[in-house]
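Trainee: kindly generate the corresponding structure for this input.
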Amino acid sequence: MRRDIEAIAGRAYDLVIVGGGIFGACAAWDAAQRGLSVALFERDDFCGATSANSYKIVHGGIRYLQHADLARIRQSSNERRAFLRIAPHLVAPRPIVIPTYGRALRGRLFLRLGSLLYDLLVFDRNRGIRDPSRRVPLCSSIDRDAVLGLFPDLDSEDLTGAVVFSDGQLLNPPRLVWAVIESAASLGAAVANHAEVRELLVDRKRIGGVRVLDRLSGDEHEIRARFVLNAAGPYAETLLERSLGIRLRRPGTYSRDACFVVATKVGDGEHGLALLGGTRDPDAVVSRGARHLFLTPWRGRTLVGVWHRVYDGDPERITVGNEELGSFLRELDDSCSLEISLRDVEIWNAGLVPFGENEAGAADLRYGHRSQLVDHQIEHGLDGLFTLIGVRFTTGRSEAANAIERIGRRLGRTLPPSRTASTPVVGGDIPSLAELLRRAQEERPRGLAASSAAQLVMCYGTDYRRVTAHGRERPELLETLGTSDVIGAQVVHAIQHELAHTLADVVCRRTDLATGWYPGRPALARAAELAGELLGWSERRQQEEVAIVERRFRDLPRYSEEIRDHETLDDHEPSDVGPG
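Mentor: The predicted structure follows:
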């Protein structure tokens, strides 16, 4: 793959997409699959914001039982099934335990009846999933002793048992979004990261394209298109106001959804745990008393969340401070005595998603229920422009397909049906993941650790050999970076074949190296050295790239001393070396 914005600007397109998160990526793939010429631009890196910072769950819709929202239950189950079909190496079922206490709405009988109803509503949850290990089991019920066997630290007073359901878990959201981007590019879509759409071009009440700033070179280009899909998430409304001076009829209210990873392994390391938190859902038709907090195993750690807060600030300045993390831990401790401390926190994630309408200062907040697809010809008398603001990662594929369907009609084209729900992404055509893992272990080249071979399969699927091929002439590229399972060949592959241009692109989005915890200075320095060989970085530039990545971890108590021990004055305030 090549990033050549000048070449992209040399032709006109049916569609230009603004934003490279899950919604924009799926829209590009769907459009290319249906025969439209399409170009996609992302201002930073693909999956660099909200899509990367989700709770990493593809929801099957069981939560919507309490809202009696059958449509969302069906949509969510269908989308969970789609991701398990098309990317079985990147999405896996995860069983989650909901403890029950006493009787009535918090009791085991009530919850079990609800889970049976859910199973009936999602009867086709596994249709088309070839790999048995990726099929979602029916909900089940377990007794009190079984619950305590899984989670000995759980509050046992009045505990009566639990109901167990399964959802889909994302092993690495940026890799999934990249697989979709790569699938779109393989069908002819033009894609570019670090390319900011600065302006929507207007010609007689019609949008005729975009003006793009190449943030790597500083050059600007005009790209012509018959339609533009603004899928920039929390930045979408800013683009409309800045470029056109218009506002949506229903301006968005955004929630900063936050979660974090802890080093502590909770329970048996296979089952997640749902605990009643400290806030209620005012939209629930039937409520068990509070919203749930979740603790789910994730890559050998535990992912904890989600906390919501109305946010009206700059999307670039989202943060979660240690004081706020401490308040999350105290709320968690009220639900379950796990003795998790601030020093256990490995990384926090936070992104902006549309919320419902809430009064100022409300503690029990309404969630956003539906994604918003705006036809600006109807809303503003401005043809050639749609805006798609999505609510959940889970529905990114289907909402994108719906948007492309609408755009196709406006283009006067009879488009073939969407096939993204059944077509494997690049690397995802895997009848049996267990067989692929076995084969990768047997065929791994000398010098490649068994754990690294498994990690390659889980990141690249059937394309893992493209990565190990870099080690044929340079065997040292098969060595791991620090204490991780990531190998040097992945750094080279990310830059040569996956449009990575910064160290953060490599370690935070193309590989697992820094997506869940701090990998240590030696691992980052080696990755920067390998990247620098290909991108022509000086030693100082390598240090600056490492410092940019470390800023993500430097204030966490777990890592602050380690990082600051390595810092120099130059490291502390890195110069402007581009996004990341």
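
Trainee: hang on, Tyr141 packs against Gly161?
Mentor: Quick fix: residue 141 reads Ser, not Tyr. Yes: judged on Cβ atoms under 8 Å, Ser141 makes contact with Gly161 at a distance of 6.4 Å. C-beta coordinates here come from the backbone N, C-alpha and C atoms, glycine included.

Trainee: neighbour count: the two, which is higher?
Mentor: Counted by other Cβ atoms under 10 Å, Ser141 and Gly161 do not tie: Gly161 has more neighbours, with 23 against 16.

Trainee: CA atoms only: put the host helix or strand of the more buried one into PDB for me.
Mentor: Assigned by DSSP states H and E, Gly161 belongs to strand 159-170. Below are the C-alpha coordinates for strand 159-170, written out as PDB (Å, rounded to 0.1, in the frame of the first residue of the first chain):
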ATOM      1  CA  LEU A 159     -25.600 -14.400  46.900                       C
ATOM      2  CA  THR A 160     -27.800 -17.000  45.200                       C
ATOM      3  CA  GLY A 161     -25.900 -17.800  42.000                       C
ATOM      4  CA  ALA A 162     -25.400 -16.200  38.600                       C
ATOM      5  CA  VAL A 163     -26.400 -16.100  35.000                       C
ATOM      6  CA  VAL A 164     -23.700 -16.400  32.400                       C
ATOM      7  CA  PHE A 165     -24.000 -14.800  29.000                       C
ATOM      8  CA  SER A 166     -21.300 -14.300  26.300                       C
ATOM      9  CA  ASP A 167     -20.400 -11.200  24.200                       C
ATOM     10  CA  GLY A 168     -17.800 -10.700  21.600                       C
ATOM     11  CA  GLN A 169     -14.400  -9.300  22.700                       C
ATOM     12  CA  LEU A 170     -12.100  -7.300  20.600                       C
END
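
Trainee: buried set for whichever helix or strand comes after it?
Mentor: As assigned by DSSP H and E, the chain's next helix or strand after strand 159-170 is helix 173-186. Using 16 or more other Cβ atoms under 10 Å as the test for burial, helix 173-186 gives 173-185.

Trainee: now the helices for the stretch 51-200 of the chain?
Mentor: Applying DSSP state H, counting those that start in this stretch to the stretch 51-200 of the chain gives helices spanning 70-86, 108-121, 144-150, 173-186.

Trainee: need the ones you listed in TSV (columns: mean pLDDT and distance to Arg204).
Mentor: Shown next, in TSV, are the helices of the stretch 51-200 of the chain (pLDDT from 0 to 100; distance: least, Cβ to Cβ, whole Å):
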stretch	mean pLDDT	distance to Arg204
helix 70-86	97	38
helix 108-121	95	49
helix 144-150	96	65
helix 173-186	98	31
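
Trainee: now, of those, which is deepest in the fold?
Mentor: helix 173-186 (a mean of 25; mean count of other Cβ atoms under 10 Å).

Trainee: packing partners for that helix?
Mentor: Packing partners of helix 173-186 (3 or more Cβ pairs under 8 Å, 6 or more residues apart in numbering; DSSP states H and E): helix 22-33, strand 38-41, strand 190-192.

Trainee: joint contacts of Ser141 and Gly161?
Mentor: Common neighbours of Ser141 and Gly161 (criterion: Cβ atoms under 8 Å, 6 or more residues apart in numbering): Arg108.
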